[in-house]
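S.K.: Starting from these lines, generate the structure:
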Amino acid sequence: MRPDLLHFAPLALTALLIDLFTGERLFFLHPVPLMGRMIQWIERFIRKNIPSPWFKPAGAVLSLSVCGLFGGGSWLVLSLVQQEGGTLLREGLEVYWATQLLAARSLYDHVHDVAHPLGSGDLSGARVALSRIVGRDTDGLGKEGIARGALESLWENTNDALVAPLFYLLLGGVPLLMVYKASSTLDSMVGYKNERYRDLGWASARTDDLLAWVPARLTFTLMFLFLLPFVPPQQEGQPRIAGKNSVLSTALRFRRAHPSPNSGYPIAAFSAIRGIRLGGGAFYFGRWVDKPFIGSGPDPDAPDLEAGLRIYRMFLFSLVVSLALLCLIRWSLFR
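M.R.: The predicted structure follows:
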């Protein structure tokens, strides 16, 4: 397996197109549930057999073992399939796994499920739909709070569920994509800063931050390259790129206004392009958590959420075109 962007471009394009049409409805031997069960089993073993002062090194072993098993295991399976079944069977398995590990359509559908009732005034239905994709408490949220939560989830996961998986798929094929998804799954299950997971989950949280570092900044860059020529600034007279108050300078100013070292980048980019204010504090499990705002415009509303979905579709289209161009370059060079 050659680790270069052109070699894996056809795989990435095929997987993304299938995901956009099917919405990740391929559940047989899905790696993520397998990752989840393995994480739960190892966590139970650690808590039962290892004293709590050793939870930090045990957490590092947990992270390394899950990422290593799925990265190395998928490489071994693909190699065996290549030997026993040939190239076509191996490529079919690569496409199947890559499609399962992308969530472009699923992300759109989940956010659309919030936007539809919100646009029709059904706040109760919008809160229920939002509760499926965010960790904050959704009871009592008004229109602005619902739109804010959905937009933050949309653009944070544009990196986590779309750009980062494609980045690692292009860089090293399915095995490297498996490593990233294992790290992301670990972070979502044990990478919390609460008392239960502060020691056990620290390695998983740091590994996920590290692996998402480059893709988050890549997402930020691609959003301006792909979207800014077609999406006018929301504020009248606001310059697009150059100048102290430009869209780009606004995004750069707020890109680190998030507890995560990576999540603020795509959120800040969208808030600047749209000219709205995201971020801010929220209730989590009944406790208020204060967070800085991202952006300097008005609070979002239902039309901003609809605009966010339109802009996301434009971003997806641009990604498909870019991958198709990589495939054409590969074909012209190696035909």
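S.K.: Residue 130 reaches residue 148, doesn't it?
M.R.: No: contact between residue 130 and residue 148 fails when scored by Cβ atoms under 8 Å: they sit 9.9 Å apart. Placement of C-beta: from N, CA and C, glycine included.
S.K.: of the two, who's got more company?
M.R.: residue 148 (29 against 25; other Cβ atoms under 10 Å).
S.K.: quick one, longest helix in this protein?
M.R.: For the chain, the longest helix by residue count, based on DSSP state H, is helix 302-334.
S.K.: if you average pLDDT over that one, what comes out?
M.R.: On average, the pLDDT along helix 302-334 is 94.
S.K.: for it, packing partners?
M.R.: Counting contacts by 3 or more Cβ pairs under 8 Å, 6 or more residues apart in numbering; DSSP states H and E, helix 302-334 packs against helix 5-22, helix 104-119, helix 143-158, helix 164-190, helix 202-227, helix 264-274.
S.K.: How about residue 66: what's its closest non-neighbour residue?
M.R.: residue 182 (4.9 Å; Cβ to Cβ, 6 or more residues apart in numbering).
S.K.: give me the number of residues near that neighbour?
M.R.: 29.
S.K.: Wait, it touches residue 64, no?
M.R.: No: the pair residue 182 and residue 64 fails to qualify as a contact (Cβ under 8 Å) at a distance of 10.1 Å.
S.K.: SS state for residue 260?
M.R.: Put simply, residue 260 is coil when judged by DSSP: H, G, I helix; E, B strand; the rest coil.
S.K.: Not counting sequence-adjacent ones, nearest residue to it?
M.R.: Ranked by Cβ to Cβ, 6+ apart and with sequence neighbours excluded, the top spatial neighbour of residue 260 is residue 209, at 7.3 Å.
S.K.: again with residue 75
M.R.: Nearest in space to residue 75, with sequence neighbours left out and distances taken as Cβ to Cβ, 6+ apart, is residue 175 at 4.1 Å.
S.K.: same deal with residue 213?
M.R.: residue 262 (6.1 Å).
S.K.: show me what contacts the one you found?
M.R.: 159, 209, 212, 213, 215, 216 (Cβ atoms under 8 Å, 6 or more residues apart in numbering).
S.K.: Confirm for me that the fourth one is in contact with residue 261.
M.R.: Yes: contact status for residue 213 versus residue 261: in contact at 7.0 Å, counting by Cβ under 8 Å.
S.K.: Alpha carbons of the helix or strand containing residue 37, as CSV, please.
M.R.: Per DSSP states H and E: residue 37 is located in helix 31-49. Provided in CSV are the C-alpha atoms of helix 31-49 (Å, rounded to 0.1, in the frame of the first residue of the first chain):
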residue,chain,number,x,y,z
PRO,A,31,-15.8,-1.1,12.8
VAL,A,32,-17.0,1.6,15.1
PRO,A,33,-19.4,-0.6,17.2
LEU,A,34,-16.6,-3.1,17.4
MET,A,35,-14.3,-0.4,18.7
GLY,A,36,-16.9,0.7,21.3
ARG,A,37,-17.3,-2.8,22.6
MET,A,38,-13.5,-3.3,22.8
ILE,A,39,-13.1,0.0,24.7
GLN,A,40,-15.8,-1.0,27.2
TRP,A,41,-14.2,-4.4,27.8
ILE,A,42,-10.7,-3.0,28.4
GLU,A,43,-12.1,-0.2,30.6
ARG,A,44,-14.0,-2.8,32.8
PHE,A,45,-10.8,-4.8,33.0
ILE,A,46,-8.7,-1.8,34.1
ARG,A,47,-11.2,-0.7,36.7
LYS,A,48,-11.5,-4.2,38.1
ASN,A,49,-7.8,-5.2,38.1
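S.K.: Heading C-terminal from that helix, find the next helix or strand.
M.R.: Scanning forward in sequence from helix 31-49 by DSSP H and E, the next helix or strand is helix 55-85.
S.K.: Could you list every helix and strand that that following helix packs against?
M.R.: Looks like helix 55-85 contacts helix 31-49, helix 87-100, helix 164-190, helix 202-227 (3+ Cβ pairs under 8 Å, 6+ apart).
S.K.: That helix vs helix 164-190, what angle?
M.R.: 140 degrees (axes from the mean of the first three to the mean of the last three Cα atoms, to 10 degrees).
S.K.: Report the buried residues of helix 55-85.
M.R.: 55, 58-60, 62-63, 66-67, 69-71, 74-75, 78, 81-82 (16 or more other Cβ atoms under 10 Å).
S.K.: Stretch 247-255 too?
M.R.: Buried, per 16+ other Cβ under 10 Å, within stretch 247-255: 247, 248, 250, 251, 253, 254, 255.
S.K.: leaving aside the residues next to it on the chain, what's closest to the last one?
M.R.: With Cβ to Cβ, 6+ apart as the measure, residue 268 is the residue that lies nearest to residue 255, at 4.3 Å, once sequence neighbours are left out.
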